[in-house]
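Asker: What follows is a predicted protein model with its sequence.
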Amino acid sequence: MTMTIAIDGYSSCGKSTLAKALAKKLSFAYVDSGAMYRAVTHYFLRHDVDINNDIEVINALEKVKIDFVIIDGKNTCLLNGENVEFDIRSMRISNNVSEVAAIGTVREKLVGLQRSIASSKSIVMDGRDIGTVVFPDADIKFFVTADRKIRTKRRYQELIAAGKDVTMREVQQNLDHRDHIDTTREISPLRKAEDAIEIDNTYLTREEQLTLALKFIEEIK
């Protein structure tokens, strides 16, 4: 018997941290839906795809193949066989990914892939529309939130630790920009599913957040 855990939330709210921790604790597969959209964005930017040209977008998507493998114990995104995990975390990708993710044909392709991955195994998947669109019948849904200033600080520290050259102001502007697009786009906007459990981790440690989520999961088993 398989189980699907859906986690949604704003950029840099800690949903991926929770998803990875849950997957490890429960021995489930972890699927980073955000990495998929970042990989497509990386491909589009690399090949100068005009996202306003439907034909160009469709043709480009036919050439995109996304996989996930474990490298040195870490979930790693492959784009057409190339390890792009480091590249897709750049500010350039962050500044463009929300526009790409708002494209209907892009979402259609990736949602199909996400559902295919979950068809035969237990998974934890995080994103913007996992509990509302991708898996509306998920066994359990979480909606993760955190204070805007805390999110900015966490994202800034994450980028600096990864060797990225950014300022706190750039990070804040990027998060505000992505929040606006994610919540106002016509197709699959970010919103809390009616049956989702909200977790505000502003004042929670990673361990406390994980313990809380596991408590809710145990209650439905």
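Answerer: Nice, thanks for sending it over.
Asker: May I see the buried residues of the longest helix belonging to the chain?
Answerer: With DSSP state H setting the assignment, residue counts place helix 168-184 as the longest helix in the chain. Judged by neighbour count using 16 or more other Cβ atoms under 10 Å, the buried positions of helix 168-184 are 170, 171, 172, 174, 175, 178, 179, 181, 182. C-beta here means a position set from N, CA and C on the backbone, and glycine is covered the same way.
Asker: for the helix or strand just after it, what is the average pLDDT?
Answerer: Helices and strands here follow DSSP states H and E; after helix 168-184, the next one along the chain is strand 197-200. Across strand 197-200, pLDDT averages out at 98.
Asker: Against which helices or strands is strand 197-200 packed?
Answerer: strand 140-145, helix 206-220 (3 or more Cβ pairs under 8 Å, 6 or more residues apart in numbering; DSSP states H and E).
Asker: where does the spatially most central residue of the chain land in three-state SS?
Answerer: By Cα atoms, centre = their mean, the chain has its centre lying nearest to residue 34, at 2.8 Å. Three-state call for residue 34 (DSSP: H, G, I helix; E, B strand; the rest coil): helix.
Asker: what residues are up against it?
Answerer: Taking Cβ atoms under 8 Å, 6 or more residues apart in numbering, we find residue 34 in contact with 16, 97, 126, 127, 128.
Asker: What sits closest to the second one if chain neighbours are left out?
Answerer: For residue 97, ignoring the flanking residues on the chain, the nearest one in space by Cβ to Cβ, 6 or more residues apart in numbering is residue 41 at 4.5 Å.
Asker: Now find how far off-centre the helix or strand that contains that neighbour is within its chain.
Answerer: According to DSSP H and E, residue 41 maps onto helix 33-46. Here the centre of helix 33-46 is set off from its chain's centre by 11 Å, with Cα atoms, centre = their mean, to the nearest Å.
Asker: Let me see the contact set for residue 120.
Answerer: residue 2.
Asker: Can you report phi and psi for it?
Answerer: phi -130, psi 10 (degrees, to the nearest 10).
Asker: do residue 70 as well
Answerer: The phi/psi pair for residue 70 (degrees, to the nearest 10) is phi -100, psi 120.
Asker: need the contact list for residue 110.
Answerer: 33, 36, 37, 40, 66.
Asker: between the residues you listed, which is nearest residue 105?
Answerer: For the contacts of residue 110, the closest approach to residue 105 (Cβ to Cβ) belongs to residue 40, at 10.3 Å.
Asker: okay but that closest one is in contact with residue 64, surely?
Answerer: Yes. Using Cβ atoms under 8 Å, residue 40 is in contact with residue 64, at 5.9 Å.
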